[in-house]
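Peer 1: After the sequence you'll find the predicted model.
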Amino acid sequence: MTTDVASSMQAATMSTPIGPLTLLVRDGRVCAGGFTGDLGLVGASQGRALGEVRIELVDDLGPISGALMAYFSGDVGALDRIEVDVQGGPFQQRVWRALRSIPPGQPATYRELAIELGGARLARAVGMANATNPCAPIVPCHRLVGSDGKLTGYYWGLERKQWLLDHERRHSQSR
């Protein structure tokens, strides 16, 4: 028996220096990503339809996997070559686009990003949108730090955030 499926996605988990990274891809664009397999892909291992979406597990995501391997090998600009298709409200979308414009190795503060998006009063809203980023590290929410330059929350752990920031600082100097 076949089922009409409204859309299909591919999912892959790759090894990185800071743990497994799972990505969900539709039409060559990353829709979700996160460390330690926290995507809630229940049932995906059997290739079952999940609601209106069918998820196919693959070993390699082609150019996406290549760009991520390049990033973790030191080409910190490689994340810019990965297209994303993340779902969220208009303000979240603006924040996520702005995160992608922060140069690697040059973290910004929540306040700085809020001012760029319309005013310092938006700092908490920027923080909330950052916290709901469904596509780490490709939408680089790790590049936001507190106003004092210290690390603030990161869903996948401050150790990973620190590693990503150190990695980008180290390799952006050689760009």
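Peer 2: Right, received. Where do you want to start?
Peer 1: Retrieve the pLDDT associated with D38.
Peer 2: What the model reports for D38 is a pLDDT of 48.
Peer 1: likewise the one 10 residues further on?
Peer 2: R48 carries a pLDDT value of 37.
Peer 1: Repeat that for D4.
Peer 2: Looking at D4, its pLDDT is 47.
Peer 1: Can you show me the helices along this structure?
Peer 2: In the chain, the helices defined using DSSP state H lie at 63-72, 90-101, 110-117, 123-131, 158-172.
Peer 1: now the ones you listed in TSV, with mean neighbour count?
Peer 2: (C-beta placed from N, C-alpha, C; glycine too.) Output for the helices of the chain, formatted as TSV (neighbours: other Cβ atoms under 10 Å):
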stretch	mean neighbour count
helix 63-72	18
helix 90-101	17
helix 110-117	19
helix 123-131	18
helix 158-172	17
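Peer 1: who touches stretch 79-89?
Peer 2: Contact with stretch 79-89 is made by 26-32, 63-64, 67-68, 71, 93, 96, 100, 104, 129, 132-135, 137-140, as judged by Cβ atoms under 8 Å, 6 or more residues apart in numbering.
Peer 1: Next, the distance between the ends of that stretch.
Peer 2: One end of stretch 79-89 to the other measures 23 Å (Cα to Cα, to the nearest Å).
Peer 1: before we move on, the earlier item: got the helices of the chain as a markdown table, with distance to S147 and mean pLDDT columns?
Peer 2: Supplementary listing: the helices of the chain in a markdown table, determined by distance: least, Cβ to Cβ, whole Å; pLDDT from 0 to 100:
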| stretch | distance to S147 | mean pLDDT |
| --- | --- | --- |
| helix 63-72 | 27 | 97 |
| helix 90-101 | 17 | 96 |
| helix 110-117 | 5 | 96 |
| helix 123-131 | 8 | 94 |
| helix 158-172 | 16 | 95 |
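Peer 1: what residue lies at the spatial centre of this protein?
Peer 2: A136 (1.9 Å; Cα atoms, centre = their mean).
Peer 1: Read off the pLDDT value for it.
Peer 2: 91.
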